[in-house]
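S.K.: Sequence first, predicted model second:
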Amino acid sequence: MNLFLLALCAHLTSDFLLQNDHLVAAKNAGRIWAHLKHGLLVTVLTLLATHCYGLKAAFFYALLVGLAHLLLDSAKAFLEKGKSAGTKLLLFLLDQGLHLLVLFAFFPLFPTTTPDPKVIAFYQRLRPATPVFALELPASFTAYPLEKILWIAVTYLAAVFGGAVFTNRILAWLTEDAQEEKTRRLSSAIGIMERLILITLVAVDAVSAIGFVLAAKSLARYQELNKRDFAEYYLVGTLTSFSLSLFAGLWLKGML
């Protein structure tokens, strides 16, 4: 499971955290360099995430995952041209589902799902003989299962950053309202911080504090809420973001 979670973290990081709007626009415009750049990023991050399970196996795994990612993204960009926002939402969900299948499909390349002793020994040799005080971690942290740490990372990456893309596509589908670039970027940034806070509050069972977050967000848009079109747009975005945060927080709470 750890191997899959590491590969999934690499996918989520490359697709949602490190892929900016300029690169997405270039890919949608059919720019080959943009697809190649993103495919290379996926390949490198996947290799870095999985190399502890065998360098040779991780190299071929990352290469195949990166190539499949490149082909899927190219097909999605081609199919999205001239399509409605609803169709683009479905293609986005299908694309992400296929990416997950690809991560599973090439697992047989790894001879085992346990870390390679040679790679682990190499990193152990790099450790200083005398531990540096500033780099020492609390015993409670080092004893925490790696699988749970990876699940936490996956949950935050998917809900916080992937949720930004999902929410924008839901809004485009339901409201058909094309926001200005500056407004859209600000809304996305607010949504990212909102989901980050809400997920954490739900996970630590501080649900009562959620009202303050939503109230602060609504207060900043108080005057604009008098406009029905904006109020509906705001409500759809807030409820979508809140739903993602609630489910992700409950999942994390169960994991912890």
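M.R.: The structure has been received and is ready for your questions.

S.K.: Residue 89 is in contact with residue 168, isn't it?
M.R.: No. Look at residue 89 against residue 168 with C-beta atoms under 8 Å: they stay out of range, at 9.8 Å. Any C-beta I mention is one placed from the backbone N, CA and C, and that applies to glycine too.

S.K.: And the helices in this protein?
M.R.: 2-12, 21-28, 32-50, 55-80, 85-105, 117-126, 139-142, 146-156, 163-175, 181-203, 210-220, 228-255 (DSSP state H).

S.K.: Of all those, which one is nearest residue 111?
M.R.: When the helices of the chain are ranked by distance to residue 111, counting by C-beta to C-beta, first place goes to helix 55-80 at 6.5 Å.

S.K.: Work out the gap between that closest one and the centre of the chain.
M.R.: The chain centroid and the centroid of helix 55-80 are separated by 17 Å under C-alpha atoms, centre = their mean, to the nearest Å.

S.K.: Distance-wise, check the nearest residue to residue 246 once chain neighbours are set aside relative to residue 252.
M.R.: In space, and not counting its chain neighbours, residue 246 is closest to residue 202: 6.1 Å by C-beta to C-beta, 6 or more residues apart in numbering. Look at residue 202 and residue 252: by C-beta to C-beta, to the nearest Å, they are 7 Å apart.

S.K.: likewise residue 74?
M.R.: If you measure residue 74 against residue 252 using C-beta to C-beta, the figure is 34 Å.

S.K.: circling back: in terms of contact, does the residue nearest to residue 246 touch residue 249 like I think?
M.R.: Yes. Counting by C-beta under 8 Å, residue 202 does reach residue 249; the two are 2.5 Å apart.

S.K.: okay, these two: which has more neighbours?
M.R.: Neighbour comparison, residue 202 and residue 249: the larger count goes to residue 249, with 24 against 21 (by other C-beta atoms under 10 Å).

S.K.: Provide a list of residues in contact with that one.
M.R.: Contact analysis of residue 249 by C-beta atoms under 8 Å, 6 or more residues apart in numbering lists 198, 199, 200, 201, 202, 203.

S.K.: same thing but at 6 Å, please
M.R.: Taking C-beta atoms under 6 Å, 6 or more residues apart in numbering as the criterion, residue 249 is in contact with 199, 202, 203.

S.K.: where in the stretch 101-250 of the chain is pLDDT low?
M.R.: Low-confidence regions of the stretch 101-250 of the chain, defined by pLDDT under 70, span residues 128-144, 176-184, 220-225.

S.K.: coming back round to it: tabulate the contacts of residue 249 (a markdown table), appending distance to residue 100.
M.R.: Formatted as a markdown table, the entries for the contacts of residue 249 read as follows, by distance: C-beta to C-beta, whole Å:
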| residue | distance to residue 100 |
| --- | --- |
| 199 | 21 |
| 202 | 24 |
| 203 | 23 |
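
S.K.: Quickly name whichever of those is closest to residue 124.
M.R.: Here the nearest of the contacts of residue 249 to residue 124, counting by C-beta to C-beta, is residue 203; it sits at 33.0 Å.

S.K.: what's the neighbour count on the nearest residue in space to that closest one that is not next to it in sequence?
M.R.: The shortest distance from residue 203 to any residue other than its chain neighbours is 4.0 Å, reached at residue 252 (C-beta to C-beta, 6+ apart). When neighbours are defined as other C-beta under 10 Å, residue 252 has 20 of them.

S.K.: any idea how far the spatially closest residue to residue 112 that is not a sequence neighbour lies from residue 111?
M.R.: Leaving out its chain neighbours, the residue that sits closest to residue 112 by C-beta to C-beta, 6+ apart is residue 53, at 7.3 Å. When distances are taken as C-beta to C-beta, residue 53 and residue 111 turn out to be 9 Å apart.

S.K.: Name the residue in those two with the higher neighbour count.
M.R.: For residue 53 versus residue 111, the count of surrounding residues by other C-beta under 10 Å is larger for residue 53: 22 against 11.

S.K.: pLDDT score for that one?
M.R.: pLDDT, residue 53: 91.
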